[in-house]
Every structure is written in structure tokens, then in C-alpha cells.
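1. could you work out the structure for the sequence below:
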Amino acid sequence: MNVEIYTVDYCPFCKKAIAFFDEHKVKYNRIRIDDNEESWRKKLGDMYNIQGDVTVPQIIIDNKRIGGYTDLIAAYDKGEIKF
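-> You can find the predicted model right below:
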């Protein structure tokens, strides 16, 4: 399983997502976008065809966009994502 998480340091939901992955012992690649946040948000919007504002975290599992923290938890609770 390949997990990427795009984060900014000030984001509480980013911290929650990281804690969730750590708790479930899931290896992930954290990409901090703080240094060029506006450019990264645009790039992510283009890459994953996100309509409207691009929020963080953005979680990608096996090249499929899951969305943010609440999307991750909802998918996990429904059994759509298994670790």
C-alpha cells in the first residue's frame, strides 16, 4: 500500500491524520507543502481534479485520492480502506 499525505504544519486535521496512520502502523510519505502552499494546492487541484478549494490534508492511497481526514475516517469506518 502506497500512502501519501500532503500537509501543512499548522493544520490540526493533518496532525490527526498522521496520528491515525501512526496508530494503525501504516507507513506513509508525508509531503509538507508549507514552503509553497499556494502552488501545491493548485497542483493538487489539477492532479486530482478537485473542484473548489483544495484543503489539507490531502490523502492519496495507491494513487487514488481519498480526500481529507474526515474522508479517511469515513472510508475506514465503512471498510473501504483496510490496513
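2. quick one: the residue nearest the centre of the chain from E38, how far?
-> Centrality entry for the chain: nearest residue to the mean C-alpha point is I59, 2.1 Å, by CA atoms, centre = their mean. Using CB to CB, to the nearest Å, I59 is found at 20 Å from E38. Quick note: C-beta positions are derived from backbone N, CA and C, even for glycine.
3. what about I66, how many residues close to it?
-> For I66, the tally of surrounding residues (other CB atoms under 10 Å) stands at 22.
4. and it, that one's in a strand?
-> Yes - with DSSP: H, G, I helix; E, B strand; the rest coil as the criterion, I66 is located in a strand.
5. wait, it sits on I59?
-> Yes - taking CB atoms under 8 Å as the definition, I66 is a contact partner of I59 at 4.3 Å.
6. beyond the strand or helix carrying R41, next helix or strand please.
-> Assigned by DSSP states H and E, R41 falls within helix 37-47. Going down the chain from helix 37-47, the next helix or strand is strand 58-61, by DSSP H and E.
7. that next one pairs with which strands, parallel or anti?
-> Applying DSSP bridges to the sheet, strand 58-61 is found paired with strand 3-7 (antiparallel), strand 64-67 (antiparallel).
8. list the contacts of that strand.
-> Strand 58-61 is contacted from outside by 1-6, 17, 44, 48, 65-69, 71-72, 81, using CB atoms under 8 Å, 6 or more residues apart in numbering.
9. with stretch 40-53 instead?
-> For stretch 40-53, contacts defined as CB under 8 Å, 6+ apart pick out 6, 33, 54, 56, 58, 60, 65.
10. any idea how far the second one lies from K43?
-> Computed as CB to CB, the I33 to K43 distance reads 9 Å.
11. the two: which has the busier surroundings?
-> Taking I33 and K43 together and counting by other CB under 10 Å, I33 has the greater number of neighbours (21 against 14).
12. name the nearest residue to the more buried one, ignoring sequence neighbours.
-> Excluding its sequence neighbours, the residue lying closest to I33 (CB to CB, 6 or more residues apart in numbering) is W40, at 3.7 Å.
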